[in-house]
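1. pasting the sequence and the predicted coordinates here, then a few questions.
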Amino acid sequence: MEKTSELLIYLVGCSLQGTKPEGALLASIDLEALLRLAKAHSVSAMVCMALEQTDEFQNAAETTRLKWLDSKNKAVRKNVLLDAERHRLEKEFTENGIWYMPLKGSILKEWYPKFGMREMADNDILFDATRRQQVRDIFVNRGYSIESYNKSNHDAYEKPPIYNFEMHVALFDEDYSTLQKKYENVVDRLVQDEKLPFRYHFTPEDFYVFVVAHAYKHYSHGGTGIRTLADFYVMNRKLGKTLDWEYVESELKGLGILEYERDSRKLSQKLFGDAKTVLRSDLTEEENQMLAYYLGATTYGNLFNWTLHRMQEFQPDGEPLTTKTKGKYIISRMFPNMEWCRHHAPVVYKLPVLLPFYWVWRLIYKGITKRKKVTQEIKAIKAGK
């Protein structure tokens, strides 16, 4: 681990343990670089809450200190606003007889030691798929713009300054067939809230399994960052002693993610179980490799990991990627098929005659507007092994 990454993990641990950091460890650190890394992993608020307890932070350059405080305050403010808006939406869902279930982060954040510590990009809510049109009307009437509708397993709605909701009619899409099949009739295993009849929730065991499954979805494709390991630690501190682990492990094994859960849980405990600096020598070689992958991915993964995973789908034998495999991948990206269009270009899917024209338009459009990402993807193809 680099010194900045090492300190990031230490400060996350301090926040989770409610411990004041050792000032001496901050003496020679580049707070600007640390902030960039913390933002990339969506833990800047958590890290700031540890930093601001120290004299070293209070005596830092004002411009740097204000950047940290601004990042923390924005995260706290966003949590406040999202919570308030979600409650208003839930009230409308209830008034219209629409069942719903808040997902993932909106539940997890309540288990962190301080409000705002767990940063939120959006709120995810599962709801009655038969009421999709009505839910869209609710958002439109509340002044939201429709970012995506009826294109995948969720619809996306946004409204300034920070409101962002993903409304799920299913928990996983067809790209993750094992997970999709597992959760396709998920409503049958949900528990109705005792006080709010249209609100549902998982059992603690099923909640844990779902969060792990969602984390693995990101981890196995583009990757996922340190915040996910913090979630693992917080979940296990909250639920670990009360869960029916025989049931949990049976469910995880059925999804093929038992090893991933065990490794991530053990790693999170080593990193955050005590407020101390964790060195490479404190971890096994496998743990160091896993941590490096988490650190390199940032919150929502990176293009290199995503590209490598997609190429491996063309050559699932585990052998080094061949030139032929890379060629198949390039062709699939340049000339997407109708199945791809079903999710990403529904107009073309409905009118197949447009497909050749779409290929040409997409190559020109992406080449101009997404040049940086295209360049990164080409580099990943060349580097893939």
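-> Right, received. Where do you want to start? Please read these numbers as outputs of a predicted model, since none were measured by experiment.

2. I'd like to know how far T228 sits from P197.
-> 33 Å (CB to CB, to the nearest Å). All C-beta atoms are positioned from the backbone trio N, CA, C, and that covers glycine.

3. which one's more surrounded, those two?
-> T228 (23 against 11; other CB atoms under 10 Å).

4. what is the subsequent helix or strand relative to whichever strand or helix holds the more buried one?
-> Assigned by DSSP states H and E, T228 belongs to helix 226-239. Going down the chain from helix 226-239, the next helix or strand is helix 245-255, by DSSP H and E.

5. chain center to the next helix or strand after that next one, what's the gap?
-> Next along the chain after helix 245-255, taking DSSP H and E as the criterion, comes helix 258-272. For helix 258-272, the separation from the chain centroid amounts to 17 Å (computed by CA atoms, centre = their mean, to the nearest Å).

6. before we move on, what SS does A121 have?
-> coil (DSSP: H, G, I helix; E, B strand; the rest coil).

7. I'd like to know how many residues surround it.
-> For A121, the count of nearby residues is 14 (other CB under 10 Å).

8. which phi and psi does S148 have?
-> phi -160, psi 140 (degrees, to the nearest 10).

9. that one and R189, how far apart?
-> On the measure of CB to CB, S148 and R189 end up 27 Å apart.

10. repeat for K241
-> Distance from K241 to R189, by CB to CB: 23 Å.

11. ok, A50 next?
-> 38 Å.

12. more neighbours, the two?
-> A50 (23 against 11).

13. pretty sure that one sits against S15.
-> Yes: using CB atoms under 8 Å, A50 makes contact with S15 at a distance of 4.5 Å.

14. beyond the helix ranked longest in the chain, next helix or strand please.
-> Among the segments of the chain that qualify as a helix by DSSP state H, the longest is helix 62-95. Counting by DSSP H and E, the next helix or strand C-terminal to helix 62-95 is strand 100-102.

15. tell me what that next one is packed against?
-> helix 62-95, strand 123-127, strand 200-201 (3 or more CB pairs under 8 Å, 6 or more residues apart in numbering; DSSP states H and E).

16. low-confidence stretches in the stretch 1-150 of the chain?
-> Residue ranges of the stretch 1-150 of the chain with pLDDT under 70: 1.

17. try the stretch 151-300 of the chain
-> 298-300.

18. which residue sits closest to S5 in space, ignoring its chain neighbours?
-> Ranked by CB to CB, 6 or more residues apart in numbering and with sequence neighbours excluded, the top spatial neighbour of S5 is L295, at 5.3 Å.

19. so for the helix or strand where the one you found lies, what gets flagged as buried?
-> Using DSSP H and E, L295 maps to helix 285-297. Neighbour counts over helix 285-297 (16 or more other CB atoms under 10 Å) mark E287, N288, M290, L291, Y294, L295, A297 as buried.

20. ok, those vs N185, which is closest?
-> A297 (31.6 Å; CB to CB).

21. for that closest one, what are its contacts?
-> Y219, G222, G223, T224, G225, N305 (CB atoms under 8 Å, 6 or more residues apart in numbering).

22. for the residues you listed, work out which two are farthest apart.
-> G225 and N305 (11.3 Å).
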